[in-house]
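In: Kindly return the folded structure for what I paste below:
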Amino acid sequence: MKVEAGGKKILILGGSGFLGNAIYKELRSYFDTYGTYFTARKSFESNQQFFRYDLQEDDVFDVLEKVRPQIIISALRGNFAGQVQAHQHLAEYVSHRDCRIYFLSSANVFDAYSKYPSYEYDKTLSESIYGRLKIKIENMLLRLPKKKMGILRIPMVFGNHSPRIKEIKTNVLNNQPIEVFPNLVMNVTNDDKLTQQIHYLINRNKSGIYHLGSYDLVHHDDFIKEVMDRIGNFNPIYKRVYTTNEERYLAVLPKENKLPKNLQVSYQEIIEHHILQ
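Out: Residues are numbered from 1 along each chain as shown. Okay, here's the model as predicted:
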């Protein structure tokens, strides 16, 4: 059923990870969709649509030549130097072909600016190694013609099977404290909403910079406490972590590139509809 595709071939790098696999599941019914996996899992080894790819050992060109995608989605994780080199090769590949790359970036590209939420065309600056990695890759892709790339900046991701929710549940069951950051003001998303948004961007041939999070903001500790109320009748131990005495923001909001109303989401919807299904 390749109805929306117009024959588009999509390759998801990091297709076995939490977000990569959620994107694969969203797109596979509509497009000719392929993915890469690193750690051997039977479900991926036996899936003809998946290729094994080791960021540090393999050349990404090999996978690109096998698939010859029109759309590449990079959800790669792992060795930072390996990620940089892979994206150098990806940028080179995209620049010479009829192809577009969507890169899953992060709100952390702004983590040095803590006084305000961040918008698409704000200058990036990060104090974290992770944020600096994302900036480095973003800058590579920003040299491509705009129509050939999409930078998708994502805040904290929750959702029933997300690593964050799994960790919270594990901690509660083991009577371990849950870390909360009372001064952190953020926006959030989940895998369901994010994959729908990416589907829309591909369908409409959108490019440029997108901030894909809830349109409203919430304190980290309030959000986690509401999540806990949804998970069940527990009495969790909270460990309050203060990195600063003032409120700090880690939130990516859209100003220029807004999505249609049905693809926008509030943090409350993330809690109500998607933490527990």
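
In: From residue 63, how far out is residue 77?
Out: In this view, residue 77 and residue 63 are 16 Å apart by C-beta to C-beta, to the nearest Å. C-betas here are computed from N, CA, C, even on glycine.

In: And those two? Which one has more around it.
Out: Each of residue 77 and residue 63 has its neighbours counted (other C-beta atoms under 10 Å); residue 63 has more, 20 against 15.

In: Could you grab the helix/strand/coil label for that one?
Out: Here residue 63 is helix, with the state taken from DSSP: H, G, I helix; E, B strand; the rest coil.

In: That one touches residue 11, doesn't it?
Out: Yes - because the distance of 7.0 Å satisfies C-beta atoms under 8 Å, residue 63 is recorded as touching residue 11.

In: if I look at the two, which residues touch both of them?
Out: The contact sets of residue 63 and residue 11 overlap at residue 36 (C-beta atoms under 8 Å, 6 or more residues apart in numbering).

In: so what's the closest residue to residue 117 other than its chain neighbours up against?
Out: Excluding its sequence neighbours, the residue lying closest to residue 117 (C-beta to C-beta, 6 or more residues apart in numbering) is residue 251, at 4.0 Å. Contacts of residue 251 were listed using C-beta under 8 Å, 6+ apart, and they are 107, 117, 118, 155, 185, 186, 187, 213, 217.

In: Please name every helix or strand in contact with the lengthiest helix in the chain.
Out: As assigned by DSSP state H, the longest helix anywhere in the chain is helix 80-95. Judged by 3 or more C-beta pairs under 8 Å, 6 or more residues apart in numbering; DSSP states H and E, the packing partners of helix 80-95 are helix 60-67, strand 71-74, strand 100-106, helix 129-142.

In: let's see 6 Å
Out: helix 60-67, helix 129-142 (3 or more C-beta pairs under 6 Å, 6 or more residues apart in numbering; DSSP states H and E).

In: can you put those helices in TSV and add distance to residue 87 and mean pLDDT?
Out: As requested, the helices and strands packed on helix 80-95 are exported to TSV (distance: least, C-beta to C-beta, whole Å; pLDDT from 0 to 100):
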stretch	distance to residue 87	mean pLDDT
helix 60-67	9	95
helix 129-142	5	98
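
In: Please identify the most buried of those helices.
Out: Compared across the helices and strands packed on helix 80-95, helix 129-142 shows the largest average neighbour count, a mean of 18 (mean count of other C-beta atoms under 10 Å).

In: Just the angle for that helix relative to helix 80-95, thanks.
Out: Interaxial angle of helix 129-142 relative to helix 80-95 (axes from the mean of the first three to the mean of the last three C-alpha atoms, to 10 degrees): 20 degrees.

In: Residues contacting helix 129-142, please?
Out: Outside helix 129-142, the residues that touch it by C-beta atoms under 6 Å, 6 or more residues apart in numbering are 80, 87, 91, 103, 105-106, 108-109, 111, 124, 126, 149, 151.

In: from the chain's centre, how far out does stretch 242-256 sit?
Out: Computed by C-alpha atoms, centre = their mean, to the nearest Å, the chain-centroid distance of stretch 242-256 equals 18 Å.
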